[in-house]
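K.L.:
Okay, here's the prediction I keep looking at, along with the sequence it came from:
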Amino acid sequence: QVQLVDSGGGLVQTGGSLRLSCAASGRIFGSYVMGWFRQAPGKEREFIAAIKWSTASTDYADSVKGRFTISRDNAKNTVYLQMNSLAPEDTAVYYCALDYIPRMGTIDKANAYDVWGQGTQVTVSS
């Protein structure tokens, strides 16, 4: 069973940047998909980005395209989310997640993911 540990959140001003990390314990197989989601108070968990471990192919929500970049380091079993041009509406708890058996059309569905990190708070001040 893989475990995920999120880190890197914090308080940043509008226009600033943060890089989140998600360290995975256990073996990561090429077929796995790693994703980032976020949840703001009173809102549903929202898909942000995902990366296929074997090919590093990526997918993004429209709301973050051009601002956020997901990447992975095979040697460190770690996934990153580089967030630039942050805005107050990006304020949320950010979670990384792992999908053991990705299925077509589910990359942005929270209920498709099997393992979750504990979350890291990102707050963007105006």
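P.N.:
Received, thanks.

K.L.:
Report how many residues lie close to residue 96.
P.N.:
Residue 96 has 32 neighbouring residues, counting by other CB atoms under 10 Å. Heads up, the C-betas are built off the backbone N, CA and C, glycines and all.

K.L.:
Just want to check the distance between it and residue 125.
P.N.:
Separation of residue 96 from residue 125 (CB to CB, to the nearest Å): 24 Å.

K.L.:
Repeat that for residue 5.
P.N.:
For residue 5 relative to residue 125 (CB to CB), the value is 26 Å.

K.L.:
Would you mind telling me which of these two has the busier surroundings?
P.N.:
Under the criterion of other CB under 10 Å, the comparison of residue 5 against residue 125 puts residue 5 first, with 14 against 11.

K.L.:
Excluding chain neighbours, what is closest to that one?
P.N.:
Excluding the flanking residues, the one nearest residue 5 by CB to CB, 6 or more residues apart in numbering is residue 23, at 4.9 Å.

K.L.:
Before we move on, what's the pLDDT of the one you found?
P.N.:
Per-residue pLDDT puts residue 23 at 97.

K.L.:
Need the three-state assignment for it.
P.N.:
Secondary structure, DSSP: H, G, I helix; E, B strand; the rest coil: residue 23 is strand.

K.L.:
so what's it up against?
P.N.:
Neighbour list for residue 23: 4-5, 7, 76-78 [criterion: CB atoms under 8 Å, 6 or more residues apart in numbering].

K.L.:
With residue 35 instead?
P.N.:
Counting by CB under 8 Å, 6+ apart, residue 35 has contacts 47-51, 96-99, 107, 113.
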